[in-house]
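**Student:** Need a 3D model of the sequence below.
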Amino acid sequence: MTNQVHLITHPLVQHKLTLMRQKDRSTSSFRRLLNEISMLLAYEVTRDMPTQLIDIETPLEAMRSPVIDGKKTVFVVIMRAGSGFLDGMLEVVPGARVGHVGLYRDPKTLGAVEYYFKMPQEMHERDAVVLDPMLATGNSAVAAVDRLKETRPRSIRFVSLLAAPEGLARFHARHPDVPVYTCAIDRQLNDHGYIVPGLGDAGDRMFGTK
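**Tutor:** Have a look, this model is predicted:
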């Protein structure tokens, strides 16, 4: 594993991921588990984020103590499935800003097609955390980070629930500077570009669509 791929092996994360993989898991249960995992992932992805000292008063005395500047963090949602990560992340970093990248996968070419892009202002002062549950072919991840880099954020991290070796290779061939945080690297992609063994289509399972 390279330093640019951070595999989150915490037992709670792995336990919840196993439950999410089960094909008979209900839509509401799937959403709840994704929300819980996203909170745990938020702790991991913010582990080395910069802090600043502020003056506070405890019940006993004044002191200087570190805080993360949440307003300098931007959670970048790759729609639609990435939205399932957002609530849990905001529970941990409530001051964060939110950006959106609307992409869909062309069913014939598997390429990413953009239909929406909206980021906060002054991205050069902000740390971007890109959210997408599945890093499969890597096409959507590459397209999203391509566009995000045009705004020149201070840093970029990519967070996924699952990754395929093919997607990781394609992503880091294009963006070797962007670390990926994921809960599992599965075996491969199938002929339709889905991760196997995987957990199916995260968006369909989250929203109850087929």
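
**Student:** now the helix or strand of the chain with the lowest mean pLDDT, how far from the centre of its chain.
**Tutor:** For the chain, using mean pLDDT, DSSP states H and E, the weakest element among its helices and strands is helix 202-207, scoring a mean of 84. From the chain centre to the centre of helix 202-207 is a distance of 16 Å (CA atoms, centre = their mean, to the nearest Å).

**Student:** Strands of this protein, start to end?
**Tutor:** Using DSSP state E, the strands of the chain run over residues 5-7, 51-57, 62-68, 73-79, 97-105, 112-118, 127-131, 134-135, 155-163, 180-185, 188-189, 195-196.

**Student:** Contacts for the second one, please.
**Tutor:** Counting contacts by CB atoms under 8 Å, 6 or more residues apart in numbering, the residues outside strand 51-57 that touch it are 62-69. (Glycine included, C-beta is placed from N, CA and C.)

**Student:** Tell me the one among these nearest to residue 172.
**Tutor:** residue 68 (26.6 Å; CB to CB).

**Student:** Give the bridge partners for that closest one, please.
**Tutor:** In this entry, residue 68 is beta-bridged to residue 51, by DSSP bridges.

**Student:** And residue 97, how far from residue 82?
**Tutor:** 15 Å (CB to CB, to the nearest Å).

**Student:** again with residue 181
**Tutor:** Where residue 82 is concerned, residue 181 sits at a distance of 14 Å (CB to CB).

**Student:** And for residue 138?
**Tutor:** Distance from residue 138 to residue 82, by CB to CB: 15 Å.

**Student:** buried stuff in stretch 136-146?
**Tutor:** Across stretch 136-146, burial judged by 16 or more other CB atoms under 10 Å covers 136-145.

**Student:** which stretches of the protein have low pLDDT?
**Tutor:** Along the chain, segments meeting pLDDT under 70 span 1-3, 210.

**Student:** what do you get if the cut-off is 90, keeping everything else the same?
**Tutor:** 1-3, 46-52, 67-71, 79-84, 95, 103-115, 139-140, 192-193, 200-210 (pLDDT under 90).

**Student:** farthest residue from the center of it?
**Tutor:** Distance from the C-alpha centroid of the chain, by CA atoms, centre = their mean, peaks at residue 60 (39.9 Å).
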